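Novice: Prediction below, plus the sequence it came from.
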Amino acid sequence: NLRRQRQMCIRDRGSITPDEVADWAIGSVLSGGGGNPGDGTASAWREAVDAFVEGSRRSRLGIPILYGTDAVHGHNNVIGATIFPHNLGLGATADPEFVRAIARAGALETAATGARWSFAPCLAVPQDIRWGRTYEGFSADPELVGVLGSAAIEGWHGDDLAATGVVACAKHFVGEGAMVWGTAGRHRHPWMDWWDGWGSGWLLDQGDIQIDEDELRRVHLMPFVAAIRAGALTVMACYGSWHGRRLHAHHRLLTELLKGELGFEGFVVSDWMAVDQLDADYDTAVALAINSGVDMVMVPFDHRRFVTTAVELVESGRIARERVDDAVRRILRVKAAAGLLGEPTQDPVPIDVVGCDEHRALARAAVRASAVVLVDRGALPIPPAGPILAAGEALDDIGIACGGWTISWEGSPGPITDGSTVLDGLLRLSESDAVRYDPNGEFGTEDAAFGIVSIHELPYVEGAGDRADLSVPSDLLDLVRRVRQRVRQLVVVVISGRPLLIEPIVELADAVVAAWLPGSEADGIAEVVMGAAPFTGRLPVAWPRTCQHIGDAPGVHGPAPWPMGHSAASGSSATAEGDRA
Ligand code: GLC
């Protein structure tokens, strides 16, 4: 039975060859964040993924791998792919049809490169916006997360999963949005040491969930119930722990609840090296994870060690053979549903679908719909005639607009891929010479009727983005003040993965717009700011006034300035919590 456990192994592409995939007949290969082959273009991806799949078809039984990647806002590792708004911006649209269409487009761009599994959608219900993964959640409203998450799964799978479908992954099971600040208990691993240089990072992510079972079910489990109903075939377990017990070692939640009570028939995949965190003794860690209900282990580096360990654990009786058979049966069931067993049935998706104009237009429409007017004292829209002073590096930076999980794992500022910036949109929509742009807001003594300034967060990912202080840095406050002095009407655009503490900005500006992380078609923000399209976005999470409000329901420390559902767009209905158009 040496061979059965091999299907339970998913391996990072970076240090394995197609021949080793053939020899070891492992179940899956992934590109972790930034795991880009060759020059990172779609054709390099296609060539590399095809080689791995071909290698697996040469294995003893010829069972092909399921190649997985984090296509969480488009096929975001690939240079030239369409980068859609991150989930929090999609939550501001509250529109399942957008989410379904975006997932379908992401599926086509992913399938065009040969990958048939995406670790999306994230079904987190973020409660504490200091969390670095807040932007990966759709909303703090579990019902909206369920609706949008289900639409995403349907979009990824499409009408015929075996033809142009990509297997989705409901993640991270369960309760991660409720992890408590300061409880991030990570077993140290040498490769994690370099993470700790990142400021206040890793103080919440992978931490402890301390809510009772009623709240866990009512708020955080509910989106997974909807996702299973929508046909989810894979679920990724959460790094965190519930009352001190890690989810990857939680038999009652992973097996009795997910597979028993909810009837989930797909397979559970571990997170990246999450199994190693369960116990310093590897055998014990592997036995704990598999016996608790993990079916596929994201090793991700040493497949030999995992396979031989899993075999020894069955021979020694620490893992029942029936458990391995159940895990492998689930994995093969999903591969069959994806059309991977038997003759290839998938329609080859043409490579030029990656980054195509149709997908970029869809992304731009979603960007328009994601923008939320927090405050407007009559400054919106800015007229095309201007004159307009525009400032802020983020107005003209694709990397900042895309945020984490883009080209590299943590993302980065700069022209990292193709696309259009907010400034591109301002220049396209305004009359010639109406816009003067300076990233630092240095306009000498020139005045103008209108100003638009961006403030932003630099890209971050996972726990590296955990931040204790969400106030606006002084250099950005000074930037806003500089432009304030020069213009009559000032609009501030916030490009960030979550609400920031912007009281000082609200006092300086005549209007404030939340743009979230709009992606490669950020010119859609200019379209609503300049009145080419209406503002329709509403807050997907409450926007707190101070850090003390974070994590509390609005109203605990006096009303959060803007509750979930808020919009100050002219003509929008009164903003009551949960009131959505
Ligand atoms: C990461 C993330 C998970 C991702 C996985 C593979 O650490 O937690 O969301 O799918 O590893 O990249």
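Specialist: Received it, and whenever you're ready, just let me know what you need. Residues are numbered from 1 along each chain as shown.
Novice: use CA for all of it now, contacts and neighbours both
Specialist: Fine.
Novice: name the helices or strands packed onto the lowest-mean-pLDDT helix or strand in the chain?
Specialist: Here the helix or strand of the chain ranked lowest by mean pLDDT, DSSP states H and E is helix 161-164, holding a mean of 92. Here helix 161-164 touches helix 96-111, going by 3 or more C-alpha pairs under 8 Å, 6 or more residues apart in numbering; DSSP states H and E.
Novice: Send me the helix it packs on as CSV with only the CA atoms.
Specialist: Taking C-alpha atoms only, helix 96-111 is exported to CSV below (Å, rounded to 0.1, in the frame of the first residue of the first chain):
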residue,chain,number,x,y,z
PRO,A,96,-23.1,37.6,-6.4
GLU,A,97,-23.3,38.0,-10.2
PHE,A,98,-20.1,40.0,-10.2
VAL,A,99,-18.4,37.4,-8.0
ARG,A,100,-19.6,34.5,-10.1
ALA,A,101,-18.5,36.2,-13.4
ILE,A,102,-15.1,37.1,-11.9
ALA,A,103,-14.6,33.5,-10.6
ARG,A,104,-15.5,32.2,-14.1
ALA,A,105,-13.0,34.6,-15.7
GLY,A,106,-10.4,33.6,-13.2
ALA,A,107,-11.1,30.0,-13.9
LEU,A,108,-10.6,30.5,-17.7
GLU,A,109,-7.3,32.3,-17.1
THR,A,110,-6.2,29.7,-14.6
ALA,A,111,-7.2,26.7,-16.9
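Novice: Make residue 1 into 38 and carry on from there
Specialist: Done: numbering now begins at 38, and the last item shifts to helix 133-148.
Novice: list the buried ones in that helix?
Specialist: Under the neighbour-count criterion of 16 or more other C-alpha atoms under 10 Å, helix 133-148 has 133, 135-148 buried.
Novice: which of the residues you listed come close to the ligand?
Specialist: When C-alpha under 6 Å from any ligand atom is taken as the criterion, no member of the buried residues of helix 133-148 contacts the ligand.
Novice: Tell me the one of the residues you listed nearest residue 520?
Specialist: residue 135 (35.4 Å; C-alpha to C-alpha).
Novice: How much space separates the closest residue to that closest one other than its chain neighbours from the ligand?
Specialist: Counting by C-alpha to C-alpha, 6 or more residues apart in numbering, residue 135 lies nearest to residue 403, which is 6.7 Å off, once chain neighbours are set aside. Applying C-alpha to the nearest ligand atom, to the nearest Å, the value for residue 403 to the ligand is 23 Å.
Novice: pretty sure residue 403 belongs to a helix, no?
Specialist: Yes. Assessed by DSSP: H, G, I helix; E, B strand; the rest coil, residue 403 belongs to a helix.
Novice: I'd like the distance between it and residue 131.
Specialist: Distance, residue 403 to residue 131, using C-alpha to C-alpha, to the nearest Å: 10 Å.
Novice: Break down the stretch 388-537 of the chain into its helices, ranges please.
Specialist: 394-407, 435-439, 459-466, 511-521 (DSSP state H, counting those that start in this stretch).
Novice: Other residues contacting the first one?
Specialist: Spelled out, it's helix 394-407. Helix 394-407 has contacts (C-alpha atoms under 8 Å, 6 or more residues apart in numbering) with 119-122, 126-130, 135, 138-139, 142, 552-553, 555, 557-562, 564-565, 570, 572-575.
Novice: Apply 7 Å and report the result again.
Specialist: 119, 121-122, 126-127, 129-130, 135, 142, 552, 555, 558-559, 561-562, 564-565, 572-574 (C-alpha atoms under 7 Å, 6 or more residues apart in numbering).
Novice: The closest residue to the ligand within the stretch 388-537 of the chain: what's it in contact with?
Specialist: Among the residues of the stretch 388-537 of the chain, residue 499 lies closest to the ligand, at 6.9 Å counting by C-alpha to the nearest ligand atom. Applying C-alpha under 7 Å, 6+ apart to residue 499 gives the contacts 169-170, 242.
Novice: neighbours around the residue in the chain that the ligand sits nearest to, how many?
Specialist: The nearest approach of the chain to the ligand comes at residue 69, 3.9 Å away (C-alpha to the nearest ligand atom). Using other C-alpha atoms under 10 Å, the number of residues around residue 69 comes to 21.
Novice: and the gap between it and residue 148?
Specialist: Following C-alpha to C-alpha, the distance that separates residue 69 from residue 148 is 17 Å.
Novice: and residue 106, what are its bridge partners?
Specialist: residue 68, residue 155 (DSSP bridges).
Novice: right, and it touches residue 153 too?
Specialist: No. The criterion here is C-alpha atoms under 7 Å, and residue 106 misses it with residue 153 at 8.5 Å.
Novice: Would you mind naming the helix or strand containing residue 550?
Specialist: strand 548-551 (DSSP states H and E).
Novice: which other residues reach that strand?
Specialist: Counting by C-alpha under 7 Å, 6+ apart, residues outside strand 548-551 touching it are 408-414, 416-417, 527-532, 543.
Novice: for the following helix or strand past it, packing partners?
Specialist: Next helix or strand after strand 548-551 toward the C-terminus (DSSP H and E): helix 560-566. Under the contact definition 3 or more C-alpha pairs under 7 Å, 6 or more residues apart in numbering; DSSP states H and E, helix 560-566 sits against helix 394-407, helix 459-466.
Novice: okay if I get the ones you listed as JSON lines plus mean pLDDT and mean neighbour count?
Specialist: Formatted as JSON lines, the helices and strands packed on helix 560-566 follow (pLDDT from 0 to 100; neighbours: other C-alpha atoms under 10 Å):
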{"stretch": "helix 394-407", "mean pLDDT": "98", "mean neighbour count": "23"}
{"stretch": "helix 459-466", "mean pLDDT": "98", "mean neighbour count": "21"}
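Novice: will you turn those into JSON lines that also has distance to residue 250?
Specialist: Output for these, formatted as JSON lines (distance: least, C-alpha to C-alpha, whole Å):
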{"stretch": "helix 394-407", "distance to residue 250": "33"}
{"stretch": "helix 459-466", "distance to residue 250": "44"}
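Novice: do you know which of those lies nearest residue 327?
Specialist: For residue 327, the closest of those is helix 394-407, at 39.5 Å, according to C-alpha to C-alpha.
Novice: For the closest one, list the C-alpha coordinates in PDB.
Specialist: Coordinates of each C-alpha in helix 394-407 appear next as PDB, following Å, rounded to 0.1, in the frame of the first residue of the first chain:
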ATOM      1  CA  ASP A 394     -10.000  43.000 -22.700                       C
ATOM      2  CA  GLU A 395     -13.300  41.300 -21.800                       C
ATOM      3  CA  HIS A 396     -11.900  40.300 -18.400                       C
ATOM      4  CA  ARG A 397     -10.300  43.700 -17.800                       C
ATOM      5  CA  ALA A 398     -13.700  45.400 -18.600                       C
ATOM      6  CA  LEU A 399     -15.300  43.100 -16.100                       C
ATOM      7  CA  ALA A 400     -12.700  43.900 -13.500                       C
ATOM      8  CA  ARG A 401     -13.100  47.700 -14.200                       C
ATOM      9  CA  ALA A 402     -16.900  47.300 -13.700                       C
ATOM     10  CA  ALA A 403     -16.300  45.500 -10.400                       C
ATOM     11  CA  VAL A 404     -13.900  48.300  -9.300                       C
ATOM     12  CA  ARG A 405     -16.600  50.900 -10.000                       C
ATOM     13  CA  ALA A 406     -19.100  48.900  -8.000                       C
ATOM     14  CA  SER A 407     -16.700  48.400  -5.100                       C
END
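Novice: Using the three-state scheme, assign residue 382.
Specialist: Assigned with three-state DSSP, residue 382 falls in the coil class.
Novice: Next one, pLDDT for it please.
Specialist: You'll see residue 382 listed with a pLDDT of 73.
Novice: wait, isn't it in contact with residue 199?
Specialist: Yes. With contacts defined as C-alpha under 7 Å, residue 382 counts as touching residue 199 at a distance of 6.4 Å.
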